[in-house]
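**Q** What follows is a predicted protein model with its sequence.
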Amino acid sequence: MSTLTEALHDANAQDQVIDDCVELVDKEVQKKKGMSGMMIKTGYKAVKGIKPGFIRKVVRSLLPDWAAKLDPLWSEAVASGAPQQHFERKRSDIAEALLSVTDEKSREAKNGVVRTTYDKLRPTAKKHVEEAVPALGALLERHLERTSA
């Protein structure tokens, strides 16, 4: 398989990536400090409280679009021979790709808590997503490098 999209057609691989993405988000949120960290943690708690498994459901629904946006960047990363380091260098581009998907989905969200929370946190989102990109690169490399080569 040569793309993330193709690799994620495998249900087992997809489930493992989703589980790890949820864990990554949880860890990244918990690392946040200061006033902005408190806002992020409060917003995340509100969104998680919508219903059990909500974050997992959101990641599952976003993953195909994220994969499609990341496919060219992942291909570059694999070709570089050092995917995680490539993701580190391309933090800004990767954050923009991921946020372009969440921006679109947020506009379509029917839940007011989700829309309001996203709108409040969006101005600083790129910085926070960029901080998570190296861990995302490691996650993808761990799960998909062999199938994407």
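**A** Received the coordinates, thanks. Numbers count the residues shown, from 1 in each chain.
**Q** What's the mean pLDDT across the helix ranked longest in the chain?
**A** In the chain, taking DSSP state H as the definition, the longest helix is helix 54-80. Per-residue pLDDT over helix 54-80 has a mean of 93.
**Q** and the next element down the chain from it?
**A** Sequence-wise, the next helix or strand downstream of helix 54-80 (DSSP states H and E) is helix 83-89.
**Q** Remind me what that following helix packs against, helices and strands.
**A** Under the contact definition 3 or more C-beta pairs under 8 Å, 6 or more residues apart in numbering; DSSP states H and E, helix 83-89 sits against helix 54-80, helix 125-148. Backbone N, C-alpha and C define where each C-beta goes, glycine included.
**Q** Compute the inter-axis angle for the longest helix of the chain and helix 125-148.
**A** For helix 54-80 against helix 125-148, the angle by axes from the mean of the first three to the mean of the last three C-alpha atoms, to 10 degrees is 60 degrees.
**Q** Please compute how far helix 54-80 lies from its chain's middle.
**A** From the chain centre to the centre of helix 54-80 is a distance of 7 Å (C-alpha atoms, centre = their mean, to the nearest Å).
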